[in-house]
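Student: All I have is the shape, not the residue letters:
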């Protein structure tokens, strides 16, 4: 029997909001073993959202490792991502893990893989997707970004619903986590 795999995660950044959405299906071979898994979680005091696609146990190991790097780098997403990517690529055990991660804070989205990639979407794109339904979710989210004024959360949710119609390894039990850029407090009035 092959390992349990998770399937589709999409991240969208628009108008100061980042939304990371994942479907709930876990597949072992060609059998759906679970329909309501959570593949998206908050890390580092709720300031970072991480989603995974691939082998579940491998992804959970990577979540833990990434959280260690976030703590080590005091929540700096890029430094933590580079630290994990370097460790993932060079460690004999980690190198065998079969998963991909999307990590995001309120400012950016990054895709991490075991090949050592740390990929940020192009300026203006604001969409990253992974997993078996990733290409469908990415295309749907990009089209919604170009043709609607919907917010990041709704685009991510709709993109996953479209992917679920096309990919047999993706379902419509969707978890979405969002982060928003902190708006600066209004300046205190200057005393006269």
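Tutor: Received it, and whenever you're ready, just let me know what you need. Just so we're clear, the structure is a prediction, and the values are computed from it rather than from any experiment.
Student: Which residue is the nearest non-sequential neighbour of residue 14?
Tutor: The shortest distance from residue 14 to any residue other than its chain neighbours is 4.3 Å, reached at residue 152 (Cβ to Cβ, 6 or more residues apart in numbering). (Each C-beta comes from the backbone N, C-alpha and C, glycine too.)
Student: residues contacting the one you found?
Tutor: Residue 152 sits next to 12-15, 17-19, 126, 178 when contact means Cβ atoms under 8 Å, 6 or more residues apart in numbering.
Student: could you redo the last one with a cut-off of 10 Å?
Tutor: Listed by Cβ atoms under 10 Å, 6 or more residues apart in numbering, the contact set of residue 152 reads 11-21, 126-127, 141, 145, 176, 178-180.
Student: What's the separation between residue 98 and residue 53?
Tutor: Distance, residue 98 to residue 53, using Cβ to Cβ, to the nearest Å: 10 Å.
Student: Among those two, which residue is more densely surrounded?
Tutor: Legend: neighbour count by other Cβ atoms under 10 Å for residue 98 and residue 53, higher for residue 53 (28 against 13).
Student: Can you give the distance from the longest strand anywhere in the chain to the centre of its chain?
Tutor: Criterion DSSP state E: the longest strand present in the chain is strand 48-55. The gap between where strand 48-55 is centred and where its chain is centred comes out at 5 Å by Cα atoms, centre = their mean, to the nearest Å.
Student: now swap in stretch 94-114 and tell me
Tutor: Distance, centroid of stretch 94-114 to centroid of chain: 7 Å (Cα atoms, centre = their mean).
Student: Sort out for me which of the contacts of residue 152 are in strands.
Tutor: Short answer: those in strands (DSSP E) are 11-14, 17-21, 127, 176, 178-180.
Student: Taking the residues you listed together, which two end up most distant?
Tutor: Longest distance between any two of the ones in strands among the contacts of residue 152 is 17.6 Å, between 127 and 180; criterion Cβ to Cβ.
Student: neighbour count winner among those two?
Tutor: For residue 127 versus residue 180, neighbours defined as other Cβ under 10 Å are more numerous around residue 127 (25 against 12).
Student: Show the pLDDT at that one.
Tutor: Per-residue pLDDT puts residue 127 at 96.
Student: Just give the nearest non-adjacent residue to it, would you?
Tutor: residue 141 (4.5 Å).
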